[in-house]
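Chemist: Provided below are the primary sequence and the corresponding predicted coordinates.
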Amino acid sequence: MTMQPFARNVVHFVRLLRGAGLGMSPAHAVDALDALRFVDLNRRDDVRATLACLLVHASDERDIFDAAFDLFWRDPDWEGKLRALLLPKVKGGIPPPKRNNRLADALAARAAASKAQASESKPEEAHARITFSSQERLSHRDFDTLSADEWRTLRHQIRAHRMPLATEPTRRLKAASRGTHADLKASARHAVRSGGDWTVWKYRAAVERRPPLVLLLDISGSMSAYSRAVLYFCHALLQSRERLQVFLFGTRLTNATRALRERDPDVAIAALGQNVADWSGGTRIGATLAEFNRRWARRVLAGRATVMLVTDGLDHEAIDVLDAEMQRLRRFAHRLVWLNPLLRFADFTPRARGVRAILPHVDAMLAAHNLDSLGAVGRELAVLSQHKPLGGPRWN
């Protein structure tokens, strides 16, 4: 096999992965070409393993890589399979949102680009229509239906958004021009400096402080897309120096606060996906809450802390343990808010056993499935100091 056409194909393959949402750069293509010089190109499995070692950085990226490798390097009918991937699938009951297939989006973009180049010389009549802006349309889109380009736009929007969280008065006092407490010592010192004339009163006011916020985020397979969006939301809060602690749970509990302090959100979340073993796996909500209550609750839930539990509640094991641990967590937390992506369905009712075990112990349940719902959560957090009840549906 000649190396020059093969090198071009490797570069196109890296571009395809980048279009599918993987963090690719020209350096990855250079590294792949250097590594393939020491591999027998006639052995397909060796080529696949070599490229996977260099281009896959998280466990949830392997499926996209395998599908792209099979479509790009072997299957001559990849356009037919692409059309099959884009066909909607409808099942009984509540119709779920369309699946997020980043590979299909990337292949469709390449096909559209090639068609545009082919028909570039043909004159076409332009038609202007009144439409919504892309950003406004994106704010209503479900996280599980976004394409790779829409994910990049969403990350920039979340990063640029700065959310003022609520502040609450503490028992500590500070010097102020106006206040509720007269500072006799400061007033007397000012009078001495002024020659004995007591003409000015000094005051002290209560110190305003943001209460701590603790986020428990479900990273199981059914929550994968929503967890990734909420992590970008948490990264923006941590970069604003908010008092936030982030814990991930699937089948085990992981403290992700230090990892999210990385300046680049893509690097931080890619590192979490690579280091967290239970990412996009199963879920054991009761067992992980028990570990949090035993190891972390007394350390991070002081000072009127608000706990935000982000999960769909679809756990069918050890429901009695889940109910008991939710009771303990409710006693530790000042406020307990549940962010549930299942509220994207208008006729959602709490029928699952896990949902019914969690619901009696929370102050409110809010939606968390698109950018508008995250903005609503931010607005709720901004008015907590006014002692207003949180919004959202409640069931008996």
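Modeler: Yes, it's here.
Chemist: flag the shaky bits of the chain, pLDDT-wise.
Modeler: Scanning the chain for pLDDT under 70 picks out 1-3, 60, 74-136, 160-166, 241, 383-396.
Chemist: and it, what are its domains?
Modeler: 3-85, 169-209, 211-386 (automatic domain parsing).
Chemist: out of these, which comes closest to Arg159?
Modeler: The minimum distance between Arg159 and the domains of the chain falls on domain 211-386, with 5.8 Å, by Cβ to Cβ. For the C-beta atoms, the positions are set from N, CA and C on the backbone; glycine is no exception.
Chemist: before we move on, back to that, would JSON lines of the domains of the chain with distance to His156 and mean neighbour count be doable?
Modeler: Listed next are the domains of the chain as JSON lines, based on distance: least, Cβ to Cβ, whole Å; neighbours: other Cβ atoms under 10 Å:
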{"stretch": "domain 3-85", "distance to His156": "14", "mean neighbour count": "15"}
{"stretch": "domain 169-209", "distance to His156": "31", "mean neighbour count": "12"}
{"stretch": "domain 211-386", "distance to His156": "10", "mean neighbour count": "19"}
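Chemist: between these, which one is nearest to Ala148?
Modeler: Each of the domains of the chain was scored for nearness to Ala148 using Cβ to Cβ, and the closest is domain 3-85 (3.8 Å).
Chemist: ok, now which ones touch the nearest residue to Leu339 once chain neighbours are set aside?
Modeler: The spatial neighbour of Leu339 that comes closest, neighbours along the chain excluded (Cβ to Cβ, 6 or more residues apart in numbering), is Ala368 at 3.7 Å. With contacts defined as Cβ atoms under 8 Å, 6 or more residues apart in numbering, the neighbours of Ala368 are 226, 230, 310, 339-341, 343, 374, 377.
Chemist: make it 10 Å
Modeler: Listed by Cβ atoms under 10 Å, 6 or more residues apart in numbering, the contact partners of Ala368 are 143, 223, 226-227, 229-230, 233, 308, 310-312, 338-344, 374, 376-377.
Chemist: same check, this time on Asn255
Modeler: Taking Cβ under 10 Å, 6+ apart as the definition of contact, the neighbours of Asn255 are 245-248, 292, 295-296, 300.
Chemist: gap between Leu36 and Ala175?
Modeler: Distance of Leu36 to Ala175, given as Cβ to Cβ, to the nearest Å: 68 Å.
Chemist: actually, Ser224.
Modeler: In this view, Ser224 and Ala175 are 50 Å apart by Cβ to Cβ.
Chemist: and what of Ser139?
Modeler: Here the distance between Ser139 and Ala175 works out to 43 Å (Cβ to Cβ).
Chemist: now do Pro5
Modeler: Pro5 is 74 Å from Ala175, where distance means Cβ to Cβ.
Chemist: just confirm Met308 is within a helix.
Modeler: No. When DSSP: H, G, I helix; E, B strand; the rest coil is applied, Met308 is found to be strand, with no helix at that position.
Chemist: thanks a lot, catch you later.
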